[in-house]
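Chemist: okay, predicted coordinates and the sequence, questions at the end:
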Amino acid sequence: MGRRPGPGLYIHLPFCPSLCPYCDFATQKYRPGQARELIAGLAVHLRRLAGALRGRRLETIYFGGGTPSMWPAAALAGLLELAVDLWGLAPGGEVSLEANPGTLSRGKLKALRAAGFNRLSLGAQSFDPGRLAALGRRHSADDTRRAVDQARAAGFDNLNLDIIYGLPGQDPAAAARDLARALALEPEHLSLYELTLGPETPFGRRYSQGREPLPSEDQVLAMEDAALAALAAAGLERYEVSNFARPGFQCRHNQSTWRGGDYLAAGPGAHGHLDGRRWAYLPQVGPYLASLTQGREPYQFVEDLTPQQRCLELFMLGLRTTAGVELAAVEEILGRDPRQVYAPGIRRLQELGWARLTATHLVPTTLGLRMADAASAQCLGSHIGRT
């Protein structure tokens, strides 16, 4: 088996300048007083977790949200410095920050880079003014271009752009134009997401999948096919269903998560995993801070995964990656050869043309990546899950 992935640290900063109508993440509108309280609470929480890794150094740190970049650079730098003081950071460690292009400036980017952030993920989403407005985004396409230029000047050489396709009123030609504008900025990494309709979001209540003004299924598939060709031509290799990178620029934090690695967490709504225990924290800032004040860990839930559950997660996540499921990792947890234990499910995936079996991995095909969710639900649930 390969080296055990991780550990990492995920810090969730839930505040946003405004709430986008398509977003179903754990976010809330910015309140200055509560934001200051949360920074202090996060410092308390990180110190409380100090012994959890038993001397292991962090390999990745990821600040997500929400809109972490709307916070002052000094506040973000302080949390990063505290984390490194508590656990250390391996040489070449990856430190990511999610950012909205409209919340950045040349000075802030220089301060963030000097503090140790070395990977920037910009939520561009679109370069079309009308679609940005429909998405509730407060930034413009020019803001994204400016943020990229300023990030490069500040020394960021590991840059991701988020792009959404399948938007209301969007046809394949418009989606291709959006992607071409993103690729013209020469990012090292690009995350390409099909619009999903969370049932509790304004978009989910307003639109029905596959009905106008949303594109048809055939149009969405045409968008995806064109995007795969354009990304490959630009030198960005697919390594997960929605993620593409130049060689050596894959998001290491996410890769560790998909391989069942350990990662601590802090912040309202943050999820963590350590030695087969998975947990999530209370999603609202007030209850999260109240629990910390009372000396309690602010859990929403804690779950000790069985070996079967851990293996099933490795299959479900691995089948979303081009590397596939590492069979030795499954065998280490289960103590048995997964080719035998999960033979019916593996055989079914092969029959459908969704995966191929190598000496070391169960690897999804191109069709399998397109059908990743269905593969998990239809095949893993009904076949691989029978141990």
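Modeler: Sure, I can see it. Numbering: from 1, shown residues only.

Chemist: next, count neighbours for Ala50.
Modeler: 13 (other Cβ atoms under 10 Å). Bear in mind the C-beta positions are built from the backbone N, C-alpha and C, glycine included.

Chemist: next one: Asp304
Modeler: Neighbour number of Asp304 under other Cβ under 10 Å is 10.

Chemist: which pLDDT value belongs to the spatially most distant residue from the centre of the chain?
Modeler: In the chain, the residue that sits farthest from the middle, by Cα atoms, centre = their mean, is Gln340; the gap is 32.2 Å. Looking at Gln340, its pLDDT stands at 91.

Chemist: who are the packing partners of whatever helix or strand it lives in?
Modeler: Using DSSP states H and E, Gln340 maps to helix 338-341. In this structure, helix 338-341 packs against helix 327-334, with contacts taken as 3 or more Cβ pairs under 8 Å, 6 or more residues apart in numbering; DSSP states H and E.

Chemist: buried set for the helix it packs on?
Modeler: Within helix 327-334, the residues scored as buried using 16 or more other Cβ atoms under 10 Å are Leu327, Ala329, Val330, Glu331, Ile333, Leu334.

Chemist: check the offset of the helix or strand containing Ala133 from the chain's centre.
Modeler: In the assignment (DSSP H and E), Ala133 maps to helix 129-134. In this view, helix 129-134 has its centroid 23 Å away from the chain centroid, taken as Cα atoms, centre = their mean, to the nearest Å.

Chemist: ok, and what's touching that helix?
Modeler: Gln125, Ser126, His139, Ser140, Ala141, Leu167, Pro168, Gly169, Gln170, Asp178 (Cβ atoms under 8 Å, 6 or more residues apart in numbering).

Chemist: and those, which of them are buried?
Modeler: Applying 16+ other Cβ under 10 Å to the contacts of helix 129-134 flags Gln125, Ser126, His139, Ala141, Leu167, Pro168, Gln170, Asp178 as buried.

Chemist: wait, which of the residues you listed is closest to Tyr62?
Modeler: Closest to Tyr62 out of the buried ones among the contacts of helix 129-134 is Gln125 (19.4 Å), distances taken as Cβ to Cβ.

Chemist: quick revisit: which two from the contacts of helix 129-134 end up farthest apart in space?
Modeler: Across the contacts of helix 129-134, the longest distance by Cβ to Cβ is 19.8 Å; it joins His139 and Gly169.

Chemist: just the helices in the stretch 51-200 of the chain please.
Modeler: For the stretch 51-200 of the chain, the helices defined by DSSP state H, counting those that start in this stretch occupy 73-87, 106-115, 129-134, 141-154, 172-183.

Chemist: what lies in contact with the longest strand seen in the chain?
Modeler: Counting residues, the longest strand found in the chain (DSSP state E) is strand 89-99. Strand 89-99 has contacts (Cβ under 8 Å, 6+ apart) with 57-69, 76, 80, 83, 112, 116-123, 147, 158, 251-253.

Chemist: how about stretch 191-211?
Modeler: 21-24, 121, 160-168, 179, 213-214, 216-217, 220, 224, 227, 231, 242-244.

Chemist: how about it: buried residues?
Modeler: Buried residues in stretch 191-211 (16+ other Cβ under 10 Å): Ser191, Leu192, Leu195, Leu197, Thr201, Phe203, Gly204, Tyr207.

Chemist: mind checking which of those residues are in strands?
Modeler: Reading strands off these with DSSP E, I get Ser191, Leu192.

Chemist: distance to Leu352 for the buried residues of stretch 191-211 - can I get that in TSV?
Modeler: Converted to TSV, the buried residues of stretch 191-211 look like this (distance: Cβ to Cβ, whole Å):
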residue	distance to Leu352
Ser191	27
Leu192	24
Leu195	26
Leu197	26
Thr201	32
Phe203	31
Gly204	30
Tyr207	30
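
Chemist: tell me the one among the buried residues of stretch 191-211 nearest to Gly318.
Modeler: Once Cβ to Cβ is applied, the member of those that ends up nearest Gly318 is Ser191, at 18.6 Å.

Chemist: what sits closest to that closest one if chain neighbours are left out?
Modeler: Using Cβ to Cβ, 6 or more residues apart in numbering and skipping residues adjacent in sequence, the residue nearest Ser191 is Asp162, 4.9 Å away.
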